[in-house]
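Trainee: Could you look at this predicted model? Sequence included:
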Amino acid sequence: MTDESLRELVLDAFRHHPRNTLQMNTVFDHAGDYTHADVVRAIEDLEAALLVRRHTEAGEDRLTLTNGGAMHLAMTDPPARPMPRMDTTTRPETAQWQRVTDLESPVLLRGREYRIAIEGQERSDGTWAARIVFAEVDGRRRVTEQETSQSSRDAVIYWATGLEPVYLDGALDRAR
């Protein structure tokens, strides 16, 4: 496997585990029989290209997809299997929402910790609606109405990578 192929294999871990941040062990497991040293070199190359960022959180080594990395995945994804279209008579509030990605968690807002997920639903025209789910440590959930409309599922993931604390704070006000 070439260096470029190994870099793509590292990025492929984000396709198989649709999250912005992965534990390094997940990335190493996804790389299969490649040595950790080879995987680390590929990660260093991806960091130099500003596609990923390594960091430690709560004592665990993690790898986070940057906005550039999310855009790269959106541009290089193989065509997805077509999903069944919703009936155009389906009302949005009864359509199926699905988890698209999770933000780096937990996020501290107003002195409380929240795990934040982005849920999406494909509409009859092929575009995607997305909303934000705030889950408190005690299990209570608050969900916004639709926060964005994007051209694809990958575009929803890319949108989620740019969410800043000030936006999330406002979204928390809108959540029920």
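Mentor: Arrived safely, thanks for sending.

Trainee: how far does the worst-scoring helix or strand of the chain on mean pLDDT sit from the chain's center?
Mentor: One helix or strand of the chain scores below all others by mean pLDDT, DSSP states H and E: helix 67-76, with a mean of 74. With CA atoms, centre = their mean, to the nearest Å as the basis, helix 67-76 stands 11 Å off its chain's centre.

Trainee: Give me the next element, helix or strand, following it.
Mentor: Per DSSP states H and E, the first helix or strand lying C-terminal to helix 67-76 is strand 98-102.

Trainee: and the gap between the residue nearest to Val100 when sequence neighbours are not counted and Glu57?
Mentor: Leaving aside its sequence neighbours, Val100 sits nearest to Gly120 (CB to CB, 6 or more residues apart in numbering; 4.3 Å). Just so you know, the C-beta spots here come from the backbone N, C-alpha and C atoms, and that holds for glycine as well. Plainly put, Gly120 is 25 Å away from Glu57 if you go by CB to CB, to the nearest Å.

Trainee: Ok, Met24 next?
Mentor: Distance from Met24 to Glu57, counting by CB to CB: 11 Å.

Trainee: Comparing those two, which residue is more hemmed in?
Mentor: Neighbour totals were compared for Met24 and Glu57, and Met24 leads with 17 against 13 (other CB atoms under 10 Å).

Trainee: hmm, back to that, got the angle between the least confident helix or strand of the chain and strand 98-102?
Mentor: 140 degrees (axes from the mean of the first three to the mean of the last three CA atoms, to 10 degrees).

Trainee: Now do the same for the longest strand seen in the chain: mean pLDDT, whole number.
Mentor: For the chain, the strand with the greatest residue count under DSSP state E is strand 112-122. Mean pLDDT, computed over strand 112-122, is 91.

Trainee: who does it pair up with?
Mentor: Sheet pairing here is set by DSSP bridges, and for strand 112-122 it gives strand 98-102 (antiparallel), strand 107-109 (antiparallel), strand 128-136 (antiparallel).

Trainee: Just tell me which of those ends up closest to Gly32.
Mentor: Nearest of the strands paired with strand 112-122 to Gly32, taken as CB to CB: strand 98-102 at 23.8 Å.

Trainee: for the strands paired with strand 112-122, which one ends up most surrounded?
Mentor: Comparing the strands paired with strand 112-122 by mean neighbour count (mean count of other CB atoms under 10 Å), strand 128-136 comes out on top with a mean of 20.

Trainee: ok now stretch 157-166, how far from the chain's centre?
Mentor: How far stretch 157-166 lies from its chain's middle: 9 Å, per CA atoms, centre = their mean.

Trainee: quick revisit: check the burial of the residue nearest to Val100 by counting its neighbours.
Mentor: 24.

Trainee: Any chance you could list what contacts the helix or strand Ala160 falls within?
Mentor: According to DSSP H and E, Ala160 maps onto helix 153-161. The contact list for helix 153-161 (CB atoms under 8 Å, 6 or more residues apart in numbering) reads 18, 20, 65-67, 70-71, 73-74, 77, 80, 100-101, 103, 118, 120, 122, 128, 130, 148, 150.
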